[in-house]
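# Show me how the following folds:
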Amino acid sequence: MSNLRLLDPMFSDSFDNAMRRFFSPATFDMEPAPLLKMRVDVTENDKAYEVKADIPGVKKDDINVRIDGNVVQIDAEARSEKETKGNGDKVLRSERYQGTISRTFSLANDVDEAKVDARYADGVLTLTLPKKATAGARKIAIQ
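Numbering: from 1, shown residues only. Alright, predicted model coming up:
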């Protein structure tokens, strides 16, 4: 306990709690829609990488995947509309958002673009990215 607390009852625990509540982040009903996020899991075996990206609420046609060597880029455009109506069809609340989410990451090996498999179901994009065969080290003959 600090000496200030002992000497001045104004700085009691209830005051500390009130100050914590005052300075704590508050959420308001009129805040904008949360930022769109894409969570990605990447696993690897000796032949391929598997990527699972959570992209809920996005149509399959609004997803683009680009592969350049060992760099993978996933882009998606999300749209959402939600309305709540009250008496007399007067709109009391309307929440809409539209935005683009993107993730780019690099892998240890190049990807064989011709053999990539992409599937989208239940808000999860699953990519199977076969590793490109690497040329083995070559011994150079010195003449």
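# only C-alpha atoms for contact and neighbour calcs from this point on.
Will do.
# nearest spatial neighbour of residue 112, skipping sequence neighbours?
For residue 112, ignoring the flanking residues on the chain, the nearest one in space by Cα to Cα, 6 or more residues apart in numbering is residue 132 at 4.5 Å.
# what's the one you found in contact with, if anything?
The contact partners of residue 132, by Cα atoms under 8 Å, 6 or more residues apart in numbering, come to 109, 110, 111, 112.
# Show me where this structure has its helices.
Taking DSSP state H, the helices of the chain run over residues 3-7, 13-23.
# hey, least reliable of those by pLDDT?
When mean pLDDT is averaged over each of those, helix 3-7 scores lowest at a mean of 45.
# Give me the distance between residue 60 and residue 42.
To residue 42, residue 60 is 20 Å away according to Cα to Cα, to the nearest Å.
# Give me the pLDDT for the residue nearest to residue 112.
The predicted structure scores residue 132 at 90 on the pLDDT scale.
# Repeat that for residue 139.
Reported pLDDT at residue 139 in the predicted model: 72.
# burial count for it?
For residue 139, the neighbour count with other Cα atoms under 10 Å is 6.
# what ranges do the strands span in the chain?
Along the chain, counting by DSSP state E, strands occupy 39-44, 48-54, 63-68, 71-85, 91-106, 117-121, 124-130.
# and residue 124, what is it in contact with?
Contacts of residue 124 by Cα under 8 Å, 6+ apart are 52, 53, 54, 55, 56.
# Go through the residues you listed and single out the one with the most neighbours.
Of all the contacts of residue 124, the most densely surrounded is residue 55 (25 neighbours; neighbours counted as other Cα under 10 Å).
# In stretch 90-108, which residues are buried?
Counting neighbours by 16 or more other Cα atoms under 10 Å, one finds that the buried residues in stretch 90-108 are residue 101.
# Dump that stretch to CSV, restricted to CA.
The C-alpha coordinates for stretch 90-108 follow below in CSV (Å, rounded to 0.1, in the frame of the first residue of the first chain):
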residue,chain,number,x,y,z
LYS,A,90,-38.4,2.6,-40.8
VAL,A,91,-34.7,1.6,-40.9
LEU,A,92,-33.3,2.0,-37.5
ARG,A,93,-29.9,0.5,-38.1
SER,A,94,-27.9,-0.3,-41.2
GLU,A,95,-24.5,-2.0,-41.2
ARG,A,96,-22.6,-2.3,-44.5
TYR,A,97,-19.0,-2.9,-45.3
GLN,A,98,-17.0,-3.6,-48.3
GLY,A,99,-13.3,-4.1,-48.5
THR,A,100,-10.4,-6.0,-49.9
ILE,A,101,-8.3,-8.4,-47.8
SER,A,102,-4.9,-9.7,-49.0
ARG,A,103,-2.2,-11.9,-47.7
THR,A,104,1.2,-12.4,-49.3
PHE,A,105,3.9,-14.8,-48.0
SER,A,106,6.9,-16.6,-49.3
LEU,A,107,7.7,-20.3,-49.1
ALA,A,108,11.1,-22.0,-48.9
